[in-house]
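1. how does the following fold in three dimensions:
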Amino acid sequence: MPKFNEQKLKAIPEAKPPKNNVVGTLSRLTEENAGEIENRKIKISFEFFDSKNKYFSLGDIEIEWFSDLFEELKELSKITKKQLFTEYKKKYKPHPYNNEKALNYKDEYLTNPQYDGVQIRLDKSSGRIHGFFIENVYYIRFLDRRHNMYNSEGYGGVVFVPFPKTIVEKLEDENKEQRQKIIFLQERNERNAEILCNNCLNCPKEIQNKFEL
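-> Numbering: from 1, shown residues only. As a prediction, this is how the structure comes out:
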């Protein structure tokens, strides 16, 4: 039998329990979903999210804002819908879209009475989330970084910006720019060569014959 190497055995790191108890989390979620709706934590869904609305374009937005946004969504998912309208009402300032005349954009999901449309304020007035509830699920429709839902003078009125480009579109733009630059350099070199040849025809060294074809 091979000799037991106690030193090598001690070098093997011990297995540590995971920091996050996945089984415990799943059990808690199952228990929450089986309880009364008012006691269920808010779930966030992007199933009805619209990123192609000109009022709510996400173009030209600082990266830090998106980081803050996801932190806000994480915190929002820790409370119930009931808590949103009670103890956390001052923080998120949730309210429906009752005054349709004040809206710059009327969306059926937000204004139709059969949906529970709710606007949520992001921390430090850095924007709004527009969406609606079905039970404890909050379906996000628009992310309003520039406060464009209402034509508020306090935020400079409605601001339209181009839609953000995809990585592929950016690469295509760069490729097009490089092709145009290559064509420009080729044409310039041809013009310079022509000028040089036209001015050295009488040169005894016959410089024009030294060009590589």
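2. centroid residue for the protein?
-> Geometric centre of the chain, nearest residue: Phe66, 5.9 Å, by C-alpha atoms, centre = their mean.
3. so that residue sits in a strand?
-> No: if the criterion is DSSP: H, G, I helix; E, B strand; the rest coil, then Phe66 is helix and not within a strand.
4. give me the pLDDT for it.
-> Phe66 is assigned 92 on the pLDDT scale.
5. also the one 5 residues further on?
-> What the model reports as pLDDT for Glu71 is 93.
6. for it, what are its contacts?
-> Taking C-beta atoms under 8 Å, 6 or more residues apart in numbering as the contact definition, Glu71 lies against nothing. C-betas here are computed from N, CA, C, even on glycine.
7. so it sits in a helix?
-> Yes: assessed with three-state DSSP, Glu71 lies in a helix.
8. point out where this structure drops to low pLDDT.
-> 1-35, 124-125, 153-156, 163, 169-170, 196-213 (pLDDT under 70).
9. Val105 and Tyr55 touch, don't they?
-> Val isn't right for residue 105; it's Tyr. Yes: if you go by C-beta atoms under 8 Å, Tyr105 and Tyr55 touch, sitting 4.8 Å apart.
10. quick one, domains of this structure?
-> For the chain, the structural domains run 40-155, 167-210, going by automatic domain parsing.
11. quick one, strands of this protein?
-> Assigned by DSSP state E, the chain shows strands spanning 43-45, 116-121, 128-134, 137-144.
12. partners of the shortest one, with directions?
-> When you say that, I think you mean strand 43-45. strand 137-144 (parallel) (DSSP bridges).
13. any idea of the angle the partner strand forms with strand 116-121?
-> 50 degrees (axes from the mean of the first three to the mean of the last three C-alpha atoms, to 10 degrees).
14. and strand 137-144, which residues are buried?
-> Residues of strand 137-144 classed as buried by neighbour count (16 or more other C-beta atoms under 10 Å): Tyr138, Tyr139, Ile140, Arg141, Phe142, Leu143, Asp144.
15. and stretch 143-157, by the same measure?
-> Neighbour-count burial for stretch 143-157 flags Leu143, Asp144, Arg145, Arg146, His147, Asn148, Met149, Tyr150 (criterion: 16+ other C-beta under 10 Å).
16. against Gln186, how distant is the closest residue to the second one other than its chain neighbours?
-> In space, and not counting its chain neighbours, Asp144 is closest to Arg128: 4.1 Å by C-beta to C-beta, 6 or more residues apart in numbering. Distance, Arg128 to Gln186, using C-beta to C-beta, to the nearest Å: 51 Å.
17. who's more crowded, those two?
-> Arg128 (21 against 10; other C-beta atoms under 10 Å).
18. remind me, longest helix of the chain?
-> Counting by DSSP state H, the longest helix found in the chain is helix 167-198.
19. wouldn't Pro164 be in contact with Ser57 here?
-> Yes: between Pro164 and Ser57 there is a contact at 7.4 Å, judged by C-beta under 8 Å.
20. no further queries at this time; thank you.
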